[in-house]
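Enquirer: Kindly return the folded structure for what I paste below:
(2 chains)
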Amino acid sequence: MSDIPLLVLEELCLRVPQRVLVEGVSIVVRKGRITAVVGASGSGKTLSARAAMGIIDPGLGLVRGSLRYPGVRSGELFSGVEGSGRLGRWRLQRRTRPFRGGYVTYAPQSASSALNPGRTVGRQLQLAIRRRLDRPDDEGREIRRILDEVGLPPGASAALPRELSGGMAQRAALAIAIAPEPQILIADEPETGLDPVLRRVVTELMLEVASHHRVGLMLITHNHDTVERIADEIVSVGEGA
Amino acid sequence: MTERAAGPIVEVRGVYKTFRRAGRWPWSRGAEVRAVRGVSFVVQPGEVVALVGQSGSGKTTLARCVLGLEPITSGAIELEGRAWHDLSEAARRPLRARYQYVPQDALSALDPQQTALEHVVESMIVLGGLARSQAGLEAMEMLDRLGLAHRSGALPREMSGGEQRRVTLARVFALRPRLVVADEPTSGLDPDRQGAVLHDLITNLPDGSGCLLVTHDMPQARRWCHRALVMLEGEVVEAIPLPDGQPSHPYARMLFDPWGQHDLDQSTVS
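Expert: Residues are numbered from 1 along each chain as shown, chains lettered A, B, ... in the order given. Below you'll find the model as predicted:
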């Protein structure tokens, strides 16, 4: 049973008064599958991904479309033009908040700036693990297991984000995103700025997360190589826009 | 400025660079980080040399050392025959226009309150020693060559990532440098624009100048560079002639063909 849809975003339109940012984007994320979202810079990939988590940036004038998380909640989180306006945004954010960080997690594009600069990687992982387990007995072992899974040495647990290289920071951000054992992981260009070898390591890690942990993965990327190798479904954003 | 006899533009001999990372407390000793270990290479006039390798292997540090932006711990760096590592900052300053740096993050290298044209004009006046009227004309010409003439009045935040990179390139080329050190000038751009920016970088290099290009993009390095120096943990482990040379070091093979059959454990040392 690997075709169960976990996230269904349909016909999303995002506009500012002068311009259409995203038009008619539909994304389905299925259990254990990888959905790649591709498109040029500025085509609205990240905006669509944020909308899929229920985050609509305040500057956007008109929002239309529908969002469902069939895995945990029947009915729509938003539909029609409900998501626009201050009240609509607030309602949507409130409805999706319980799912963010647990059911759906996000590994942002710029990993080093996404990590808390004042906390060690281990502490940040600990907080992420506590989203699913309240103070597990073997927290230390759990942290080491997750670090090992993303290919970081156990010593990275004591490091502050500024002490990590770009590739390590990228993997630390991924570790924090998978620690709550989400059903859906949204990874925003996880291989950007990495060298070719690390890019392969991170790509294989994505594949592992999807196939082994049965996580539904939304992978935002503009790397054709990655898409060809691992994506089950491809959504092009911003074509002709 | 006197022209030197035709020798190498860059000659790096046995360069070491060691940092001391701050410890946990002000009085603790902190760890020693050996970023560059005994690197030697030469860049000849007209040559484009790629510096490739793992993240954190010391590529950026080495590139900055070559320009004197970081002091070296030991070894020697000669630029056009001058012992660059030995010169004081005052002695380097009049020569800086000849040796230029293209940074990784274009937006943070640009003044948010200056237009594209003002960036180029200012560097021509301050570093190139030109009069404002002449600088204005030449700067416009340079922007035109890079396809930015219609954006000359734009502020950095109004420009796309590719346009911002082109402004940093226009600013550098307006000085007709002898050496351009470019630190991942295409990172963060989408693949089509990466090719276009590298094309602009290499085809606009003044005749007889050298270029040191830090990059992660092996296909582009093969296309544009004459040689690739592969760095691993601060050392140059192999120099590969491009476009046709084949890597022999296991790590270099992995870099050039990441999806081949390799023992990936060798790659993730740091």
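
Enquirer: CA atoms for contacts and neighbours, from now on please.
Expert: OK.

Enquirer: burial of the closest residue to chain A within the stretch 101-250 of chain B, as a residue count?
Expert: Going by C-alpha to the nearest C-alpha, chain A is nearest to residue B:216 of the stretch 101-250 of chain B, at 5.2 Å. Other residues near residue B:216 number 24, with proximity taken as other C-alpha atoms under 10 Å in any protein chain shown.

Enquirer: Now do the same contact list for the residue lying closest to it once chain neighbours are set aside.
Expert: Spatial nearest neighbour of residue B:216, excluding adjacent residues (C-alpha to C-alpha, 6 or more residues apart in numbering or on different chains): residue A:195 at 5.2 Å. Counting by C-alpha atoms under 8 Å, 6 or more residues apart in numbering or on different chains, residue A:195 touches B:53-55, B:216-217, B:255.

Enquirer: Neighbour-wise, give me the winner out of these.
Expert: residue B:53 (30 neighbours).

Enquirer: Wait, that one touches residue B:231, no?
Expert: Yes - counting by C-alpha atoms under 8 Å, residue B:53 does reach residue B:231; the two are 4.8 Å apart.

Enquirer: Tell me the residues of chain A that contact chain B?
Expert: Contact residues (C-alpha under 8 Å from any C-alpha of the partner chain) of chain A with chain B: A:40-41, A:151, A:165-167, A:192-198, A:200-201, A:222-223.

Enquirer: Averaged pLDDT, the helix ranked longest in chain A. What do you get?
Expert: In chain A, assigned by DSSP state H, the helix with the most residues is helix A:196-213. The average pLDDT within helix A:196-213 is 85.

Enquirer: Please export the C-alpha coordinates of it as PDB.
Expert: Output in PDB follows, covering the C-alpha atoms of helix A:196-213 (Å, rounded to 0.1, in the frame of the first residue of the first chain):
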ATOM      1  CA  PRO A 196      28.900  16.300  -6.500                       C
ATOM      2  CA  VAL A 197      29.800  13.600  -4.000                       C
ATOM      3  CA  LEU A 198      27.700  15.000  -1.200                       C
ATOM      4  CA  ARG A 199      24.900  15.700  -3.600                       C
ATOM      5  CA  ARG A 200      24.800  11.900  -4.300                       C
ATOM      6  CA  VAL A 201      24.900  11.200  -0.600                       C
ATOM      7  CA  VAL A 202      22.000  13.500   0.100                       C
ATOM      8  CA  THR A 203      20.100  12.200  -2.900                       C
ATOM      9  CA  GLU A 204      20.500   8.700  -1.700                       C
ATOM     10  CA  LEU A 205      19.500   9.700   1.800                       C
ATOM     11  CA  MET A 206      16.200  11.100   0.300                       C
ATOM     12  CA  LEU A 207      15.600   7.800  -1.400                       C
ATOM     13  CA  GLU A 208      16.200   6.000   1.800                       C
ATOM     14  CA  VAL A 209      13.900   8.200   3.800                       C
ATOM     15  CA  ALA A 210      11.100   7.600   1.200                       C
ATOM     16  CA  SER A 211      11.600   3.800   0.600                       C
ATOM     17  CA  HIS A 212      12.700   2.700   4.100                       C
ATOM     18  CA  HIS A 213      10.800   4.900   6.400                       C
END
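
Enquirer: what about the strands in chain B?
Expert: B:10-20, B:32-43, B:48-53, B:74-79, B:82-83, B:99-102, B:179-183, B:210-214, B:227-232, B:235-241 (DSSP state E).

Enquirer: Columns distance to chain A and mean pLDDT on top of these, output as TSV?
Expert: Listed next are those as TSV, based on distance: least, C-alpha to the nearest C-alpha, whole Å; pLDDT from 0 to 100:
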stretch	distance to chain A	mean pLDDT
strand B:10-20	13	92
strand B:32-43	11	91
strand B:48-53	7	93
strand B:74-79	24	93
strand B:82-83	32	90
strand B:99-102	17	92
strand B:179-183	12	93
strand B:210-214	11	94
strand B:227-232	12	93
strand B:235-241	16	92
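
Enquirer: quick one: which of these is nearest residue A:101?
Expert: strand B:48-53 (34.6 Å; C-alpha to C-alpha).

Enquirer: That closest one vs strand B:179-183, what angle?
Expert: Between the axes of strand B:48-53 and strand B:179-183, defined by axes from the mean of the first three to the mean of the last three C-alpha atoms, to 10 degrees, the angle is 30 degrees.

Enquirer: elements contacting strand B:48-53?
Expert: Applying 3 or more C-alpha pairs under 8 Å, 6 or more residues apart in numbering or on different chains; DSSP states H and E, one finds that strand B:48-53 contacts helix B:59-66, strand B:210-214, strand B:227-232.

Enquirer: Please repeat the previous calculation with a cut-off of 10 Å.
Expert: strand B:32-43, helix B:59-66, strand B:179-183, strand B:210-214, helix B:218-224, strand B:227-232, strand B:235-241, helix B:250-256 (3 or more C-alpha pairs under 10 Å, 6 or more residues apart in numbering or on different chains; DSSP states H and E).

Enquirer: With respect to residue A:230, which of those lies nearest?
Expert: helix B:250-256 (19.4 Å).

Enquirer: Okay, buried residues for the closest one please.
Expert: B:251-256 (16 or more other C-alpha atoms under 10 Å in any protein chain shown).

Enquirer: so residue A:186 sits right up against residue A:49, yeah?
Expert: Yes - taking C-alpha atoms under 10 Å as the definition, residue A:186 is a contact partner of residue A:49 at 7.2 Å.

Enquirer: Among those two, which residue is more densely surrounded?
Expert: For the pair residue A:186 and residue A:49, the greater number of neighbours falls to residue A:186 (26 against 22), based on other C-alpha under 10 Å.

Enquirer: check which helix or strand covers that one.
Expert: strand A:184-188 (DSSP states H and E).

Enquirer: Flag every buried residue along that strand.
Expert: A:184-188.

Enquirer: Sort these by pLDDT and name the bottom one.
Expert: Scoring the buried residues of strand A:184-188 by pLDDT puts residue A:188 last, at 88.

Enquirer: Dig out what it forms beta bridges with.
Expert: Beta-bridge pairing for residue A:188 (DSSP bridges): residue A:220.

Enquirer: one step back: ok and the strand holding residue A:186 relative to helix A:196-213, angle-wise?
Expert: 170 degrees.

Enquirer: filter the residues of chain A next to chain B to the buried ones?
Expert: A:40-41, A:151, A:166-167, A:192-198, A:200-201, A:222-223.

Enquirer: Of the residues you listed, just say which sits nearest to residue B:8.
Expert: Once C-alpha to C-alpha is applied, the member of those that ends up nearest residue B:8 is residue A:195, at 29.2 Å.

Enquirer: got the contact list for the residue nearest the centre of chain A?
Expert: For chain A, residue A:186 is the residue whose C-alpha lies nearest the centre (C-alpha atoms, centre = their mean; 1.8 Å). With contact taken as C-alpha atoms under 10 Å, 6 or more residues apart in numbering or on different chains, residue A:186 is in contact with A:29, A:35-36, A:46, A:49-50, A:52-53, A:104-108, A:177, A:216-220.

Enquirer: could you pull out the helices for chain A?
Expert: A:45-52, A:85-96, A:111-114, A:121-129, A:139-149, A:166-178, A:196-213, A:224-230.

Enquirer: Grab the nearest non-local neighbour of residue A:190.
Expert: Nearest to residue A:190 is residue A:109, by C-alpha to C-alpha, 6+ apart, at 6.2 Å.

Enquirer: any idea how far the residue nearest to residue B:100 when sequence neighbours are not counted is from residue A:110?
Expert: Using C-alpha to C-alpha, 6+ apart and skipping residues adjacent in sequence, the residue nearest residue B:100 is residue B:180, 4.9 Å away. To residue A:110, residue B:180 is 27 Å away according to C-alpha to C-alpha, to the nearest Å.

Enquirer: Repeat that for residue B:38.
Expert: Noted for residue B:38: a distance of 33 Å to residue A:110, by C-alpha to C-alpha.

Enquirer: can you check residue B:14 too?
Expert: 35 Å.

Enquirer: Could you check which of these two has the larger neighbour count?
Expert: Using other C-alpha under 10 Å as the criterion, residue B:14 and residue A:110 rank with residue A:110 on top: 17 against 14.
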